[in-house]
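Asks: The amino acid sequence is not available; the structure is as follows:
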């Protein structure tokens with residue numbers, strides 16, 4: 001009987017040792033009480049089945065773990081998941097943090113722990129020169145929930161896979177993408193969900209209706225930039241980069257569609273993008289012309305400094321939606337929301353997003369911007385008249401204003417020196433003609 005009990009005890013001990021790696025035994029008793037859900041998730045994971053214990057990812061320094069200094073980032077996962085790690089680093093997700101981050105060194109109440117996002121431990125050399133002005137304008141709380149929760153995908157596998165679960169069912173569900181890929185600036189999840197692709201997926205399953213992962217992570221690839229022909233801001237890639245990417249996407253589309261059908265559909269998206277970009281550039285030109293004539297209200301030199309560009313006008317991807325003029329705020333909506341919805345709606349085969357949520361809004365934005373520009377010009381003329389000046393009656397004052405605007409265009413690279421010389425000569429000729 002004693003031998004039987006001893007044998008049973010040995011079986012139990014062996015079973016426990018097989019189910020919990022040696023180092024995990026030190027963590028499990030306490031954490032089963034403190035964080036039972038995390039323990040349960042780990043126990044049912046592939047990591048537990050492979051006998052990968054807590055210390056393999058978290059390390060064995062409990063004090064560092066408690067202080068939050070033993071962060072389980074992508075470098076911890078990379079050695080075991082090398083293929084996924086390399087694919088991720090080469091993709092748009094692989095630069096997510098730096099594209100939505102910025103150096104906080106000069107900000108009040110900064111968290112020194114944030115330095116690890118851009119610097120190796122013990123090094124002052126930045127890992128990337130890319131920064132985000134909008135992030136740098138946020139409070140630390142808003143930066144964390146409003147920026148980092150999505151852009152952290154660069155360095156954290158848990159952004160998609162969660163912390164202790166390893167079930168692929170989680171990351172194969174389009175809902176895992178929705179956390180970040182929704183909202184006014186990039187509602188790809190809503191576009192997919194309400195497109196025919198999404199409808200077929202909901203009613204007939206993945207064999208008939210593709211998911212986000214079907215097209216953007218084919219065969220489980222972690223390179224989410226597969227087949228993309230433009231930047232995240234909607235700027236077309238050069239042909240050398242775009243053509244191979246288009247071939248990649250055509251291979252994906254052709255799994256369900258005739259190749260020529262897919263080619264025409266994507267080409268239509270390209271045309272919508274080009275047409276929309278023309279509208280956008282027209283609006284941007286209006287704003288810069290107002291700035292050249294000193295008519296923005298307020299002008300950049302009258303506002304708080306832009307985090308990256310100082311007191312200069314910014315209309316590229318670093319433009320702000322705060323501490324700016326009203327017409328620039330209109331342009332922010334036009335570019336970041338409506339232009340993005342138009343082109344991404346077209347590529348995701350969603351008519352409502354491409355047209356009513358996108359293209360229609362884009363064109364109405366241009367109407368609003370033109371109206372606001374006229375108001376600013378009229379107010380500028382009224383201000384001059386109030387000072388007892390009349391540029392129409394004073395050719396010299398009009399010429400001075402025109403030359404100042406031309407000089408501004410040259411300084412910002414919108415006009416070459418040769419073009420400036422030609423336009424300057426025209427202004428001076430008009431001035432001479434008015435003196436006769």
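Replies: Yep, it's here. Remember, predicted model here, so these are calculated numbers, not experimental data. Residues are numbered from 1 along each chain as shown.

Asks: gap between the two ends of stretch 333-350?
Replies: This stretch, stretch 333-350, spans 20 Å end to end (Cα to Cα, to the nearest Å).

Asks: can you check stretch 142-162 too?
Replies: Taking Cα to Cα, stretch 142-162 runs 22 Å from one end to the other.

Asks: What of stretch 192-201?
Replies: The separation between the terminal residues of stretch 192-201, taken as Cα to Cα, is 10 Å.

Asks: Buried by neighbour count: which residues of that stretch qualify?
Replies: For stretch 192-201, the neighbour count (16 or more other Cβ atoms under 10 Å) marks 192-195, 197-198, 200-201 as buried. Where you see a C-beta, it was placed from the backbone N, CA and C, and this is true even at glycine.

Asks: quick one: residue 239 and residue 372, what's the gap?
Replies: Residue 239 sits at a distance of 37 Å from residue 372 (criterion: Cβ to Cβ, to the nearest Å).

Asks: quick one, which of those two is more surrounded?
Replies: Taking other Cβ atoms under 10 Å, residue 239 and residue 372 do not tie; residue 372 has more neighbours (21 against 10).

Asks: Now that the more buried one has come up, it's in contact with residue 326, right?
Replies: Yes - look at residue 372 against residue 326 with Cβ atoms under 8 Å: they come within range, at 6.4 Å.

Asks: List of residues touching stretch 427-436?
Replies: With contact meaning Cβ atoms under 8 Å, 6 or more residues apart in numbering, stretch 427-436 is reached by 395-396, 399, 402-403, 406.

Asks: Narrow those residues to those in helices?
Replies: By the criterion of DSSP state H, membership of these in helices covers 395-396, 399, 402-403, 406.

Asks: and which of the buried residues of stretch 192-201 is nearest to residue 297?
Replies: residue 194 (39.5 Å; Cβ to Cβ).

Asks: does the closest one really touch residue 350, like I thought?
Replies: Yes - between residue 194 and residue 350 there is a contact under Cβ under 8 Å: 6.2 Å.

Asks: What residue spans form the domains of the chain?
Replies: Following automatic domain parsing, one gets these domains for the chain: 1-54, 72-171, 186-386, 395-435.

Asks: Could you report the pLDDT at residue 435?
Replies: Per-residue pLDDT puts residue 435 at 68.

Asks: oh, I was asking about residue 420
Replies: 86.

Asks: Name all residues that make contact with residue 199.
Replies: Contacts for residue 199 were tallied using Cβ under 8 Å, 6+ apart; they are residue 209.

Asks: got it, and residue 257?
Replies: Contacts of residue 257 (Cβ under 8 Å, 6+ apart): residue 265.

Asks: Same check on residue 303?
Replies: Neighbour list for residue 303: 311, 323-324 [criterion: Cβ under 8 Å, 6+ apart].

Asks: Most neighbours of all those residues, which one?
Replies: Of those, with other Cβ under 10 Å as the count, residue 324 tops at 20 neighbours.

Asks: show me what contacts that residue?
Replies: Neighbouring residues of residue 324 by Cβ under 8 Å, 6+ apart: 303, 332.

Asks: Just the buried residues of the host helix or strand of residue 382, please?
Replies: Using DSSP states H and E, residue 382 falls within helix 360-386. Using 16+ other Cβ under 10 Å as the burial criterion, the residues of helix 360-386 that qualify are 361-362, 365-366, 368-369, 372-373, 376, 380, 384.
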